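Q: Whatever this is, show me its structure:
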Amino acid sequence: MTPKNGTIHKFVNMVDISSKSMIFRMTEAEGTICLSSETMDALKKGMVKKGNVLATAEIAGILAAKKTHELLPLCHQIPITSVNLFFHLIDDGVKVRCIVNATYRTGVEMEALMGVSTALLTIWDMVKYIEKDGKGQYQNTRIEGIKIIKKVKRE
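A: Predicted coordinates:
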């Protein structure tokens, strides 16, 4: 884009990390999806029409973490060494934790957040037919508390 005065503006920049050293990095993120008791019952009994909800969410979360650089325009492509997702059934939903490791020049925060977010969205997608009310609305379904809970940098 060239303004009237001829000055060229640059609006975004992928940060140059070439001078940073390769170190071990780990990030742990978590989030929760709040679901109805009917949905939780179907999930616990393995009665969801689309199949195994938690296994599917686990695979989706891993895949999302690996593809973060394809979805966030200024993220670096990071050689991830592991992605692990953990699921904890609570009374009114599912708490998801995603841990991502890499030895690289930049952290894996976005990868962990992408993993947990995608796992939560996958759960919603698989149970949405149970969660909808009579008018097709999601009165109580929600995703909340997505955050980084731990970050490690170690030489």
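
Q: buried set for stretch 60-73?
A: Applying a neighbour-count criterion of 16 or more other Cβ atoms under 10 Å, the buried positions in stretch 60-73 are Ala60, Gly61, Ile62, Ala64, Ala65, Lys66, Thr68. The way it works is simple: take the backbone N, C-alpha and C, and place the C-beta from them, glycine included.

Q: so how far is the first residue of it from its last?
A: With Cα to Cα, to the nearest Å as the measure, the first residue of stretch 60-73 is 20 Å from its last.

Q: swap in stretch 25-41?
A: 38 Å.

Q: Tell me how many other residues surround Ile33.
A: Ile33 sits with 25 neighbouring residues when counted by other Cβ atoms under 10 Å.

Q: Now do the same contact list for Arg154.
A: Listed by Cβ atoms under 8 Å, 6 or more residues apart in numbering, the contact set of Arg154 reads Ile23, Phe24, Arg25.

Q: meant to ask about Leu71
A: Taking Cβ under 8 Å, 6+ apart, we find Leu71 in contact with Ala64, Met114.

Q: hang on, the earlier thing: can you tell me which of the contacts of Arg154 has the most neighbours?
A: Tallying neighbours with other Cβ under 10 Å puts Arg25 at the head of the contacts of Arg154, with 23 neighbours.

Q: centre of the chain versus the longest helix out of those in the chain, how much separation?
A: Assignment by DSSP state H gives helix 109-131 as the longest helix of the chain. Chain-centre distance of helix 109-131: 7 Å, with Cα atoms, centre = their mean, to the nearest Å.

Q: residues of that helix that come out buried?
A: 109-124, 126-127, 130-131.

Q: Show me the helices in this structure, by range?
A: Here the chain has its helices, by DSSP H, at 37-45, 53-66, 68-71, 109-131.

Q: Dump the ones you listed into a markdown table; add mean pLDDT and distance to Ala102 as well.
A: A markdown table is the format used below for these (pLDDT from 0 to 100; distance: least, Cβ to Cβ, whole Å):
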| stretch | mean pLDDT | distance to Ala102 |
| --- | --- | --- |
| helix 37-45 | 97 | 31 |
| helix 53-66 | 98 | 10 |
| helix 68-71 | 97 | 11 |
| helix 109-131 | 98 | 8 |
